[in-house]
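[1] turn this into a structure:
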Amino acid sequence: MFILLRCSFRILTRYCILKNIQIEKKSKDSLPSKEGDPRVYIIPHQNDGQTGKAGRSYRYVEIYESFKRDIIAGSLQEEQRLPSIRKLAEFLGISTTPVELAYQQLIAEGFIESRPKRGYFVVKLPEPYKALELGHEKPEGRDRVSSKSAAAAAMPQTKPAPNEKKAGFPRYDFHLSKNDFSLFPFALWKRLHNQLLRPEYADLLFYGDAQGDPGLRRAIAGYLGRFRGVKASPDQIVIGAEQHLLLLLLGQMLKGEIDSVAVEEPGYRIVPATLAALGFSVHPIRLDEHGLRPDLLRASGARIASVSPSHQFPTGLVMPLSRRLELLEWAKTVDGYLIEDDYGGEFRYQGKPVPALQGLVPNDRVIYLGGFSQVLAPDICIHYLVLPEHLVPRFHALRRHILFEASASGIHQRTLERFIQEGHFERHIRRMRNLYRKKNRQLVASLTSHFGKQAAVTGDSAGMHVILNVKSRLPEAQLLQLAGQAGVRIASAAFYWEAPPETELKSFMLGFGGIPFDRIDEGVARLQEAWSTWLQELPHTDH
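    Predicted structure coming up:
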């Protein structure tokens, strides 16, 4: 039997007669019209055993979850219009508040969007989310999303950091590696964490599995398969507290068989610096518009290549399929490996998420490097490698030889396992992608508006920073100094070049993760004002 929240079937019938609607004895499989007819929004009864005031508090949660399930299942399709808040509230016989909160939560998690003077529309979901089975979630009192958090989730603003008033702290902090924690599920994480701080889990305080908690490795394998297209078993995953440590282990596993590595130029320094410290020869390979150049890679003689195909750091390039397949063929030909740093893979703002290189075709040549610093929080200190199957025995041999222990906290690993398995992680990613998309668009719009023809913005399709390209005779150091004097912190992309090109075109990285939404435009204006005297108009391009 179905009910409209707490309305009786008699009241439902009365509403349907007034609206000339025929009631059918079937579930929410009936589809709404594109005009937003509210007739099908019959919420399945959830016998949670709660009555009275406590039970009524779940009205917006029932509406939210019903819409969410229909959107993921495809019953509500892209561009389909939802009923207005007032119409749906009238039809359900409730106040507008629960409906409004449900819509705000759906907006915050990226399921729908509000279009001025037009209404609420279903947005297109990435394919991995459409295939995700959400299971059956039960309301659990305070563990459910509150009306206060639902309203806050729809707002892009970020609370100022506590130490912003300290002397020397920049007011406009476009730090490229900071997260926005305004939507971090503190109460939920605390509850999951505290469940493990009990005598029956005392073993978590001892040395854990050096390869990583088996339960978390299973959860990561499932997540990577659903969301990133990575094909891996839990036995192929190695968990560590930081990327540097995992790369040290990887280098020791490959040392002796391979002695040189090719890296992207420009690129993130952790891979070349770590492997160089182990005695590997490092060959920087220049990029073209598609990423690392295969002709220069072949000429280098290297048998390991480190790439970031989903969102090249720092340029933001997305490697096309043809180039990915060419690199896979190279690795097979030279009997070598590709180290895939999947930086920014979850946060893509234009088009569909780009699947990982590792799962494109059956292969045993890709070593996948991932972690939770960007998608969750750096302080959790959980990163991982996905090894080809034939390298797993080498890892265990190295472990027996060195006798190293687990580096990541056992309690944090087990907490994260539950966070993933209970479905909280996928919800958090959607909410953060939606928040970062708003910040990304605001930053790009502000840069375009204030700088005009004096700058070009690139690398804005994914990740947590964009590239600002300007033409100036001043060196990067002086431009950074001028920015700092205006209270703006940015970074020069030249740092990530082994040999920066000598040119008047300068590239700077502006992160948008940590800066409050309402400071983005003002910060960009201050930056343009500080640089305006020293900038030249960029030549016209057809991009």
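[2] so what secondary structure elements neighbour the helix or strand hosting residue 189?
    Take DSSP states H and E as the rule and residue 189 turns out to sit in helix 186-196. Contacts defined by 3 or more CB pairs under 8 Å, 6 or more residues apart in numbering; DSSP states H and E place helix 186-196 against helix 410-421. All C-beta atoms are positioned from the backbone trio N, CA, C, and that covers glycine.
[3] the next helix or strand after the helix it packs on versus helix 410-421: what angle between them?
    Helices and strands here follow DSSP H and E; after helix 410-421, the next one along the chain is helix 424-451. Counting by axes from the mean of the first three to the mean of the last three CA atoms, to 10 degrees, helix 424-451 lies at 90 degrees to helix 410-421.
[4] got the buried residues for helix 424-451?
    424-440, 442-444, 446-447, 450-451 (16 or more other CB atoms under 10 Å).
[5] how about stretch 87-106?
    87-92, 94, 96, 98-106.
[6] roughly how far does the closest residue in space to residue 370 that isn't next to it in sequence sit from residue 412?
    Spatial nearest neighbour of residue 370, excluding adjacent residues (CB to CB, 6 or more residues apart in numbering): residue 342 at 5.1 Å. When distance is defined by CB to CB, to the nearest Å, residue 342 is 21 Å away from residue 412.
[7] what of residue 212?
    Distance from residue 212 to residue 412, by CB to CB: 11 Å.
[8] neighbour-wise, which of these two wins?
    Using other CB atoms under 10 Å as the criterion, residue 212 and residue 412 rank with residue 212 on top: 24 against 21.
[9] okay, and the beta partners of the closest residue to the more buried one other than its chain neighbours?
    Sequence neighbours aside, residue 239 is the residue nearest to residue 212 in space, at 2.7 Å (criterion: CB to CB, 6+ apart). Assessed by DSSP bridges, residue 239 has beta-bridge partners residue 384.
[10] and if you look at residue 258?
    residue 255.
[11] quick one: pLDDT of it?
    Looking at residue 258, its pLDDT reads 95.
[12] so who does it touch?
    By CB atoms under 8 Å, 6 or more residues apart in numbering, residue 258 lies in contact with 280, 303, 304, 336, 337.
[13] measure how far stretch 498-512 is from the centre of its chain, please.
    25 Å (CA atoms, centre = their mean, to the nearest Å).
[14] list the buried residues for it?
    So stretch 498-512, judged by 16+ other CB under 10 Å, has buried residues 500, 506, 507, 508, 509, 510, 511, 512.
[15] out of these, which are inside strands?
    Using DSSP state E, the subset of these located in strands is 506, 507, 508, 509, 510, 511.
[16] in TSV: the residues you listed, plus pLDDT and distance to residue 474.
    Listed next are these as TSV, based on pLDDT from 0 to 100; distance: CB to CB, whole Å:
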residue	pLDDT	distance to residue 474
506	93	8
507	94	14
508	96	12
509	96	17
510	97	18
511	96	22
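[17] need the contact list for residue 335.
    residue 303.
[18] how does the chain divide up, domain by domain?
    9-134+144-153, 191-426, 432-534 (automatic domain parsing).
[19] can you redo those as CSV with distance to residue 184?
    Output for the domains of the chain, formatted as CSV (distance: least, CB to CB, whole Å):
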stretch, distance to residue 184
domain 9-134+144-153, 11
domain 191-426, 7
domain 432-534, 9
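[20] tell me which of the ones you listed lies nearest to residue 171.
    Of all the domains of the chain, it is domain 432-534 that lies closest to residue 171, at 4.4 Å by CB to CB.
[21] the closest one: end-to-end distance?
    Terminal residues of domain 432-534 lie 36 Å apart, using CA to CA, to the nearest Å.
[22] stretch 274-290 too?
    First residue to last in stretch 274-290 (CA to CA) measures 26 Å.
[23] could you give the mean pLDDT of that stretch?
    95.
[24] what's in contact with it?
    244, 247-248, 251-252, 255, 258-267, 272, 292-293, 296-297, 300-302, 304-305, 312, 315, 317, 319-320, 322-323, 498-499.
[25] list the buried ones in it?
    274, 275, 280, 282, 283, 284, 285, 287, 290.
[26] check stretch 528-540 too.
    For stretch 528-540, burial by neighbour count (16+ other CB under 10 Å) applies to 528, 530, 531, 535, 538.
[27] same question for it, mean pLDDT?
    The model assigns stretch 528-540 a mean pLDDT of 90.
[28] ok, now stretch 324-335?
    Mean predicted lDDT for stretch 324-335 stands at 95.
[29] can you check stretch 440-455 too?
    On average, stretch 440-455 scores 96.
[30] which of the buried residues of stretch 528-540 fall within helices?
    528, 530, 531 (DSSP state H).
[31] just give me the closest of these to residue 125.
    residue 528 (36.5 Å).
[32] pretty sure the closest one is touching residue 451, no?
    Yes: assessed by CB atoms under 8 Å, residue 528 is found in contact with residue 451 at 5.4 Å.
[33] quick one: the helices in the stretch 251-400 of the chain?
    270-277, 294-300, 321-333, 392-402 (DSSP state H, counting those that start in this stretch).
[34] please consider this matter closed, and thank you.
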